[in-house]
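In: Output the structure for:
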Amino acid sequence: IGNLTSGSLEGLSAFGSLEELILDNNLLGDGLVLPGLPRLHTLTLNKNQITDLESLLDHLAEVTPALEYLSLLGNVACPNELISLEKDEEDYRRYRCFVLHKLPNLKFLDAQKVTRQEREEALVRGSFMKVVKPKV
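Out: Model (predicted):
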């Protein structure tokens, strides 16, 4: 689709049967609004400018009910120790737990298969795993 701004994604509403959407490297931020995409099962938003994880996940839960594969690597919202030295494995584990709490049907997150143990932890503790966004 080429480079997009958050405001130009409504054009996707013409593609209601879309199943895969790759939006890597598009400078997309927290205002991201997708139309209802009931068949979308794969969404990658790697290397964008997303910082507000909770509002993104709430939006995806609403507009992409069939989503099974999500990747958010390279966004501030994804605490990956390979990208940010302040983040560690525990931050990433909490992030995965919170994402699975919000999107329980995911099978893959950031190219890693979701384990049964992660799924169970998300059910029990996911709501407490919100990663607080640092104030700029």
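In: Tell me where the model's unsure across the protein.
Out: 1-8, 81-87, 131-136 (pLDDT under 70).
In: ranges for the strands of it?
Out: 20-22, 42-44, 69-71, 108-109, 112-113 (DSSP state E).
In: Tabulate these (JSON lines), appending mean neighbour count.
Out: Every residue, glycine included, has its C-beta placed from N, CA and C. Output for the strands of the chain, formatted as JSON lines (neighbours: other Cβ atoms under 10 Å):
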{"stretch": "strand 20-22", "mean neighbour count": "14"}
{"stretch": "strand 42-44", "mean neighbour count": "18"}
{"stretch": "strand 69-71", "mean neighbour count": "20"}
{"stretch": "strand 108-109", "mean neighbour count": "17"}
{"stretch": "strand 112-113", "mean neighbour count": "10"}
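In: and stretch 56-73, how far out from the chain's middle?
Out: The chain centroid and the centroid of stretch 56-73 are separated by 6 Å under Cα atoms, centre = their mean, to the nearest Å.
In: Same question for stretch 25-37.
Out: Offset of stretch 25-37 from its chain centre (Cα atoms, centre = their mean): 11 Å.
In: got it, and stretch 25-39?
Out: For stretch 25-39 - counting by Cα atoms, centre = their mean - the centre lies 10 Å from the chain centre.
In: What lies in contact with that stretch?
Out: Here stretch 25-39 makes contact (Cβ atoms under 8 Å, 6 or more residues apart in numbering) with 3-7, 9-10, 12-13, 15-19, 21, 45-52, 55-56, 59-60, 63-66.
In: May I see the buried residues of whichever helix in the chain runs longest?
Out: As assigned by DSSP state H, the longest helix anywhere in the chain is helix 89-102. For helix 89-102, burial by neighbour count (16 or more other Cβ atoms under 10 Å) applies to 91-92, 94-102.
In: So what touches it?
Out: Helix 89-102 is contacted from outside by 53-54, 57-58, 60-61, 70, 72, 78-81, 106, 109-110, 114, 118-119, 121-123, 125-127, 129-131, using Cβ under 8 Å, 6+ apart.
In: Next, the distance between the ends of stretch 32-52.
Out: 10 Å (Cα to Cα, to the nearest Å).
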